[in-house]
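Participant: sequence first, then the predicted structure:
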Amino acid sequence: MNKAEYKDMWVYIEHDGTEIRKVSLELLCEARKLCDAAGEKLAAVLVGELPESEVQKILECGAEKLIRVSGAGLERFSVDAYTELFTQLCRKYKPSAVLVGGTIDGRDFAPRFACRLPTGCTSDATQLVYDPKTGDIEFIEPAVGGKMMAVITVPFVRPQVGTIRPGTFKYVPGGARGCETIEERFDFPIEKIRTRALSFRADEYDESLNIADAEVIVCVGNGLKGADALPRYRELAVLLGGKLGCTRPVFDRGVLPYKLVIGQSGVVVKPKLYLAFGVSGAVNHVTGITDSDTIVAVNRDPEAAIFGYCTYGIVGDMDEVCDAMIAQLKARA
């Protein structure tokens, strides 16, 4: 394979017909930096219709090409149709890379079309680095339970395919650069779609479970004694105008729901204030909080890894420290 024949980096634009998922906009902004480093163009792949106000967001992220796809079988996401669509598009245009949000749908079809091309697909990368010597993208992510950082490349084949966890990068539009629109028609036989929608029911929305954009987060780790100890941490979060979060072991114990998990196996957060109670500081958790403005860690173990990442550290019993913080806040009210 001649890698020089492959050019332009693509970002799949995931949306619900009215609004673009934020992860796609985050990827556009990060891919813009990669394209500038590589001297390639940034292309957005949009399947279906979107309001022009949403399309404008794509342009403001610096996309230079907009591949708009329409056709039968694309009315709603289908892993069968989208896998075949991206397989054919990649064979036709030969992009150097395809970046997909690490959502339920993205993780479903990205490795499938990568396998058909065939090429490699990296999942849940937390950092993307362009290597000018090789022309490869380095997909960096925690591995071995967060004990090391793996650097994954696709050196011999193209395109380089990867899924990236929502919230990993910042959505910071840099302005439109002038964009070429390419119209593509793709019809996928309905009878080949192996799933069909029987009904639709919107999820019950619980704002307390939406922690991705919270400015203050009180996170409890495996040092938590049990569910009976949770009320004090919920109270502290409320007093600070924030929300409660947790590490993966707390979810595994059945104490808190998965949507509150922070880190590689959960959500990436960027709060102004992050309070970590009883959090050990494993890499797979820390990767989800590195962009926090201020990190306060509380742990009875002075050698806990979390103290290597925090702004302020407190060695002590997490419950006692939490109670003291609550008392101080109430005294100032």
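Facilitator: Yes, it's here.

Participant: where do the helices of the stretch 1-150 of the chain begin and end?
Facilitator: Residue ranges of the helices in the stretch 1-150 of the chain, as given by DSSP state H, counting those that start in this stretch, are 22-38, 52-60, 79-93, 104-116.

Participant: what's in contact with the third one?
Facilitator: So that's helix 79-93. In this structure, residues lying in contact with helix 79-93 by Cβ atoms under 8 Å, 6 or more residues apart in numbering are 8, 12, 45, 47, 67, 69, 73-74, 98, 105, 108-109, 112-113, 116-117, 159, 184, 186, 188, 192-195. Where C-beta positions appear, they are placed from N, C-alpha and C, glycine not excepted.

Participant: drop anything exposed from the residues you listed.
Facilitator: Taking 16 or more other Cβ atoms under 10 Å as the criterion, what is buried in the contacts of helix 79-93 is 8, 12, 45, 47, 67, 69, 73-74, 98, 105, 108-109, 112-113, 117, 159, 184, 186, 188.

Participant: so where's this structure uncertain?
Facilitator: Low-confidence segments of the chain (pLDDT under 70): 144-147, 203-205.

Participant: how is it partitioned into domains?
Facilitator: 3-192, 207-332 (automatic domain parsing).

Participant: picking up where we left off before, can I get the helices of the stretch 1-150 of the chain in TSV with distance to residue 177?
Facilitator: Shown next, in TSV, are these (distance: least, Cβ to Cβ, whole Å):
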stretch	distance to residue 177
helix 22-38	9
helix 52-60	8
helix 79-93	19
helix 104-116	25
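
Participant: could you say which of these is packed most deeply?
Facilitator: Highest mean neighbour count among the helices of the stretch 1-150 of the chain (mean count of other Cβ atoms under 10 Å): helix 22-38, with a mean of 21.

Participant: for that helix, output the C-alpha coordinates as CSV.
Facilitator: What follows is helix 22-38, C-alpha atoms only, in CSV (Å, rounded to 0.1, in the frame of the first residue of the first chain):
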residue,chain,number,x,y,z
LYS,A,22,-20.9,17.4,21.1
VAL,A,23,-18.2,14.6,20.7
SER,A,24,-18.3,15.2,16.9
LEU,A,25,-17.6,18.9,17.4
GLU,A,26,-14.8,18.1,19.9
LEU,A,27,-13.2,15.8,17.3
LEU,A,28,-13.4,18.4,14.6
CYS,A,29,-11.5,20.9,16.7
GLU,A,30,-8.8,18.3,17.6
ALA,A,31,-8.6,16.9,14.0
ARG,A,32,-8.1,20.5,12.8
LYS,A,33,-4.8,20.6,14.8
LEU,A,34,-3.8,17.2,13.3
CYS,A,35,-4.5,18.4,9.8
ASP,A,36,-2.5,21.6,10.3
ALA,A,37,0.4,19.5,11.5
ALA,A,38,0.1,17.0,8.6
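
Participant: when you give positions from now on, start the count at 674
Facilitator: Right, with 674 as the first residue, what we last looked at is helix 695-711.

Participant: what angle sits between that helix and helix 725-733?
Facilitator: Per axes from the mean of the first three to the mean of the last three Cα atoms, to 10 degrees, the angle that helix 695-711 makes with helix 725-733 is 30 degrees.

Participant: sorry, back to before: quick one: which of the helices of the stretch 674-823 of the chain is nearest residue 853?
Facilitator: Nearest to residue 853 among the helices of the stretch 674-823 of the chain is helix 725-733; the distance by Cβ to Cβ comes to 11.1 Å.

Participant: hmm, back to that, among the domains of the chain, which comes closest to residue 873?
Facilitator: Residue 873 lies closest to domain 676-865 among those, at 9.7 Å (Cβ to Cβ).

Participant: gap between that closest one and the chain center?
Facilitator: A distance of 13 Å separates the centroid of the chain from that of domain 676-865, by Cα atoms, centre = their mean, to the nearest Å.

Participant: that one: end-to-end distance?
Facilitator: Domain 676-865 stretches 33 Å from its first residue to its last (Cα to Cα, to the nearest Å).
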